[in-house]
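Q: Next input, structure requested:
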Amino acid sequence: MKKIIVLGGGGFIGGHLAKRLKNEGNFVRICDIKNHEYFSHEEICNEFIKGDLTDPVLVAQVIDEGVDEVYQLAADMGGAGYIFTGENDANVMHNSAMINLNVAKESVVKKVKKVFYSSSACMYPEYNQLDPSNPNCEESSAYPANPDSEYGWEKLFSERLFLAFNRNYKLDVRVARFHNIFGPQGTWKDGKEKAPAAMCRKVAESEAGSQIEVWGDGQQTRSFLYVDECVEAVLRLMESDFLGPVNIGSEEMVTINQLAQMAIDISGKDITIKNIDGQEFIDKYGFKCPTGVRGRNSDNRLYKEKIGWEVSEPLRDGMVKTFTWINQMVLENSPKI
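A: Residues are numbered from 1 along each chain as shown. The predicted structure follows:
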């Protein structure tokens, strides 16, 4: 039995990861600023500490002696409506950087055996993601650096931070770049949700014969990885000798309109798509449409080479499970007549 700490275990990916680790018989301690919305503490951990990881005193208490593994997934983050408006840039950079600085230092002080850091595909240069049909997200393409958001810049900084602690202090680290992880038991409303959850929610809330709104022209491309496969990929990376950084994502690229249509088809409803952009969007929401880069797709060649495993679940299978769960959430949260 390993002694494991999951930082950010009150979040979407962290909660699923902690649940898997606990189910495998490990002692799991979670620290997060919030409780998990959909999992009870008993389902995902042996101990839950609620607190702000930007506080070094708290981090020194959470990461104690004799820890086998720390999984660092805690961050100030959200979907496009949170990351790309510019209004949250300072908090995103300050809070996430402080957490990572605290965790790296304390992991060395307490002689943690191994640390996982969750970076993001948002750190890839914008100039390699302008063509929606052929984005370049190979790991070596990260430099010259030019992420499209401050969230991405902080992720890139923290990758370098953990790798520097590896070089200078022999901290055994693994770094992965997540590409749009989705699934049930995650954020699905209020602006911090990712595109798959947003599309499922919009469709679930809409009546047959209506239309759903898709931000931008809908031709921007992404790939999306189901959360169970993400967790499997993380654990396999941790068992390997490869430090990373390495992509963890799907290579099944779709346009955002195709993603929306997939949610519509799964629902069985007769719903159309309305794209909103430009001045129409500004007039309605009061800020420029936050669509992110034009194209992004995971490049999994390095992961396959170093780890010898690849993700396999089709996007639609994960979307069926996600829509089913979000549709139930919408029904449960609807006003009772």
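
Q: How about the contacts made by Ile30?
A: Contacts for Ile30 (Cβ atoms under 8 Å, 6 or more residues apart in numbering) come out as 5-7, 9-10, 14, 18, 41, 44-45, 47-49. Using the backbone N, CA and C atoms, a C-beta is placed for each residue, glycine as well.

Q: just the buried members of the residues you listed?
A: Among the contacts of Ile30, those classed as buried by neighbour count (16 or more other Cβ atoms under 10 Å) are 5-7, 9-10, 14, 18, 41, 44-45, 48-49.

Q: Closest to Cys230 out of the residues you listed?
A: Nearest to Cys230 among these, counting by Cβ to Cβ, is Gly14 at 11.0 Å.

Q: quick one: that closest one from Pro144, how far?
A: 32 Å (Cβ to Cβ, to the nearest Å).

Q: Same question for Pro290.
A: For Pro290 relative to Pro144 (Cβ to Cβ), the value is 24 Å.

Q: Looking at those two, which has the bigger crowd around it?
A: The neighbour comparison of Pro290 against Pro144 (other Cβ atoms under 10 Å) goes to Pro290, with 18 against 7.

Q: pLDDT score for that one?
A: Looking at Pro290, its pLDDT is 83.

Q: circling back: could you dump the contacts of Ile30 into JSON lines with distance to Asp228, secondary structure and pLDDT added?
A: Shown next, in JSON lines, are the contacts of Ile30 (distance: Cβ to Cβ, whole Å; DSSP: H, G, I helix; E, B strand; the rest coil; pLDDT from 0 to 100):
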{"residue": "Ile5", "distance to Asp228": "21", "secondary structure": "strand", "pLDDT": "98"}
{"residue": "Val6", "distance to Asp228": "16", "secondary structure": "strand", "pLDDT": "98"}
{"residue": "Leu7", "distance to Asp228": "21", "secondary structure": "strand", "pLDDT": "98"}
{"residue": "Gly9", "distance to Asp228": "16", "secondary structure": "coil", "pLDDT": "98"}
{"residue": "Gly10", "distance to Asp228": "19", "secondary structure": "coil", "pLDDT": "97"}
{"residue": "Gly14", "distance to Asp228": "14", "secondary structure": "helix", "pLDDT": "98"}
{"residue": "Ala18", "distance to Asp228": "13", "secondary structure": "helix", "pLDDT": "98"}
{"residue": "His41", "distance to Asp228": "21", "secondary structure": "helix", "pLDDT": "97"}
{"residue": "Ile44", "distance to Asp228": "14", "secondary structure": "helix", "pLDDT": "98"}
{"residue": "Cys45", "distance to Asp228": "18", "secondary structure": "coil", "pLDDT": "98"}
{"residue": "Glu47", "distance to Asp228": "24", "secondary structure": "strand", "pLDDT": "98"}
{"residue": "Phe48", "distance to Asp228": "22", "secondary structure": "strand", "pLDDT": "98"}
{"residue": "Ile49", "distance to Asp228": "26", "secondary structure": "strand", "pLDDT": "98"}
